[in-house]
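**Q** Just a sequence and a predicted model for now, questions to come.
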Amino acid sequence: MDRTSISLRCLGTGDAFGSGGRLNSCYHLKHTDGQMLIDCGSSSLIAMQRFKVIPAEIDTVVISHFHGDHFGGIPYLILEGQYASQRTRPLTLVGPAGLKQRVEAVCEALYPGMTSNKNSFPVKYLHLNPKKPLNVNAVQIESFHMKHGRHQSACGLRLSVAGKIISYTGDTEWTDRLIPLAHGSDLMISECYSYDNVVAGHLNYQTLLKNRMKLKCRKLVLTHLGPEMISRIDQLELDTVNDGELIEING
């Protein structure tokens, strides 16, 4: 892979309900110095197996917020490392404050005693802070507070790697914080649950279309599609992404 080239595999582009048979939110970022998952919804391990991403080669997982379709796959990723691949590579988990407690609680709910088993690999937890970017495994991570109902810790993510910038909204309704999140991005991945219905905590297509010129990104793609969006997918002006789709970001 060229030093100025990175790729993004869309492992899951659906909503929490599996609308249209789409998998939960998960994006595989691959660059010269490592591999990262952006969100890791409950179906992510299935998606990795389906699209031939090797779980044990993931260095970092960054989570936008604590809903199952965005972080519920982490216990399975850890479990796969413990028992299937017998992973030794360190794993860094990045997310809002309280990430370690949330992950361990879900692990224990799904597989009692799991957290007392000693991993064959170290797991490191880091917290997002909108006031302080993180540098993690050759990727700079900035976070922006989003508006996702009562979910106060929901974040949009801005990743700088190999001279490129990828922005990801996570789940949010319209907020002017989307403007700096998008600014100068080579790729912006935006949730778009509905077409014109207003759904609290989520974006709709008409709002994004109206505000597209404010989002100063090179390429905008829509994801987290609900039934209304899927039924109109051939009528849209803005691009959408599908499970398994590969996006190359070149110099």
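**A** Received the coordinates, thanks. Residues are numbered from 1 along each chain as shown.

**Q** contacts, neighbours, all on C-alpha from now
**A** Fine.

**Q** Residue 213: what secondary structure?
**A** Look at residue 213: counting by DSSP: H, G, I helix; E, B strand; the rest coil, its state is helix.

**Q** pLDDT score for it?
**A** We have a pLDDT of 96 for residue 213.

**Q** if I look at it, how far off is residue 182?
**A** According to C-alpha to C-alpha, to the nearest Å, residue 213 and residue 182 sit 11 Å apart.

**Q** Same check on residue 31?
**A** Distance from residue 31 to residue 182, by C-alpha to C-alpha: 21 Å.

**Q** When these two are compared, which one has more neighbours?
**A** Higher neighbour count among residue 31 and residue 182: residue 182, with 28 against 20, using other C-alpha atoms under 10 Å.

**Q** From residue 61, how far out is the more buried one?
**A** 21 Å.

**Q** so what's residue 214 closest to, chain neighbours aside?
**A** residue 179 (6.3 Å; C-alpha to C-alpha, 6 or more residues apart in numbering).

**Q** Next, give phi and psi for that neighbour.
**A** In terms of degrees, to the nearest 10, the main-chain angles of residue 179 are phi -70, psi -50.

**Q** what about it, neighbour count?
**A** For residue 179, the count of nearby residues is 17 (other C-alpha under 10 Å).

**Q** The one 10 residues further on now?
**A** By the other C-alpha under 10 Å criterion, the neighbourhood of residue 189 contains 22 residues.

**Q** That one bridge partners, please.
**A** Note on residue 189: beta-bridge partners residue 168, residue 221, judged by DSSP bridges.

**Q** who touches it in this structure?
**A** 166-169, 220-223 (C-alpha atoms under 8 Å, 6 or more residues apart in numbering).
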